[in-house]
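Asks: Sequence plus the predicted model coming up.
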Amino acid sequence: MLTRDNVGAVLLRANLTQADLPALTAALQAEGRLEAAGSDAIRIQSQTCI
């Protein structure tokens, strides 16, 4: 789950930047792999975790 509180740590661990996030979320959404998880979080559906 990606939230405001953990987005920095998740991006760092995945070797991504804030600039990478819009394109990445758009691609995941196009694949149907994102879902809302409350009002300020998203859940990413994946077979593997990072």
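Replies: That came in fine, so what should we check first?
Asks: Helices along the protein, start to end?
Replies: 7-13, 21-30 (DSSP state H).
Asks: tell me which residues of the first one are tucked away?
Replies: Of the residues in helix 7-13, those with enough neighbours to count as buried (16 or more other CB atoms under 10 Å) are residue 11. Every C-beta, even on glycine, is put in place using the N, C-alpha and C of the backbone.
Asks: So what touches that helix?
Replies: 2, 17, 18, 20, 21, 50 (CB atoms under 8 Å, 6 or more residues apart in numbering).
Asks: Would you mind checking these for buried ones?
Replies: When the contacts of helix 7-13 are checked for burial by 16+ other CB under 10 Å, the buried set is residue 2.
Asks: Would you convert the contacts of helix 7-13 into JSON lines that also reports distance to residue 43 and pLDDT?
Replies: Shown next, in JSON lines, are these (distance: CB to CB, whole Å; pLDDT from 0 to 100):
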{"residue": "2", "distance to residue 43": "8", "pLDDT": "90"}
{"residue": "17", "distance to residue 43": "22", "pLDDT": "96"}
{"residue": "18", "distance to residue 43": "20", "pLDDT": "93"}
{"residue": "20", "distance to residue 43": "19", "pLDDT": "96"}
{"residue": "21", "distance to residue 43": "15", "pLDDT": "91"}
{"residue": "50", "distance to residue 43": "14", "pLDDT": "58"}
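Asks: And the furthest pair within the contacts of helix 7-13?
Replies: The span of the contacts of helix 7-13, defined through CB to CB, is set by 18 and 50 at 16.4 Å.
Asks: Okay, residue 4 and residue 38: tell me how far apart.
Replies: Using CB to CB, to the nearest Å, residue 4 is found at 11 Å from residue 38.
Asks: What of residue 28?
Replies: To residue 38, residue 28 is 18 Å away according to CB to CB.
Asks: Which one of these two is surrounded by more residues?
Replies: residue 28 (15 against 9; other CB atoms under 10 Å).
Asks: The more buried one is in contact with residue 44, isn't it?
Replies: Yes. Using CB atoms under 8 Å, residue 28 makes contact with residue 44 at a distance of 6.1 Å.
Asks: got any residues that touch both of those two?
Replies: residue 34.
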